[in-house]
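Asker: All I have is the shape, not the residue letters:
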């Protein structure tokens with residue numbers, strides 16, 4: 001009887017970087033789903049409506065292919081490419097938060113953050129909790 005091993009277990013010479021960052025690689029099916037969602041007609045319409053251009057979805061497909069190569073063949077180059085792609089995605093997401101000039105980040109919560117709800121909202125909350133909504 002054979003047991004399935006992780007890709008990292010099959011490769012004793014895999015870079016430490018890959019082993020330390022392999023958690024960044026999503027399940028392959030998620031890359032495929034992101035690509036499918038990105039290329040759907042509904043998504044294309046939304047992209048055109050919100051930005052005026054269609055997004056380039058090819059990176060999702062590339063990430064899916066690299067993920068499969070890592071999963072099935074323990075290909076270290078494919079893992080590095082997938083990790084780099086995820087790192088770029090995370091860096092972009094963080095930069096959009098940090099570059100936001102509209103919202104000012106707080107150092108402390110508002111003084112009344114835990115004040116009781118107004119009476120009407122409290123009744124609504126109690127009614128919803130009774131009905132299971």
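Answerer: Perfect, I can see it now. This is a predicted model, so every value here is computed, not measured.
Asker: Give me the distance between the residue of the chain positioned farthest from its centre and residue 126.
Answerer: Distance to the chain centre peaks in the chain at residue 119, reaching 38.9 Å (criterion: Cα atoms, centre = their mean). Distance of residue 119 to residue 126, given as Cβ to Cβ, to the nearest Å: 11 Å. In this view, the C-beta of every residue, glycine as well, is placed from N, C-alpha and C.
Asker: Residue 104 too?
Answerer: To residue 126, residue 104 is 34 Å away according to Cβ to Cβ.
Asker: When those two are compared, which one has more neighbours?
Answerer: Higher neighbour count among residue 104 and residue 126: residue 126, with 11 against 7, using other Cβ atoms under 10 Å.
Asker: Now the strand or helix carrying the more buried one: average pLDDT?
Answerer: Counting by DSSP states H and E, the secondary-structure element that holds residue 126 is helix 119-131. Averaged across helix 119-131, the pLDDT comes to 87.
Asker: Could you list the residues in contact with that helix?
Answerer: Counting contacts by Cβ atoms under 8 Å, 6 or more residues apart in numbering, the residues outside helix 119-131 that touch it are 116-117.
Asker: Distance from that helix to the middle of the chain?
Answerer: Per Cα atoms, centre = their mean, to the nearest Å, the displacement of helix 119-131 from the mean C-alpha position of its chain is 34 Å.
Asker: Any stretches of this protein with poor pLDDT?
Answerer: Judged against pLDDT under 70, the low-scoring parts of the chain cover residues 1-14, 132-133.
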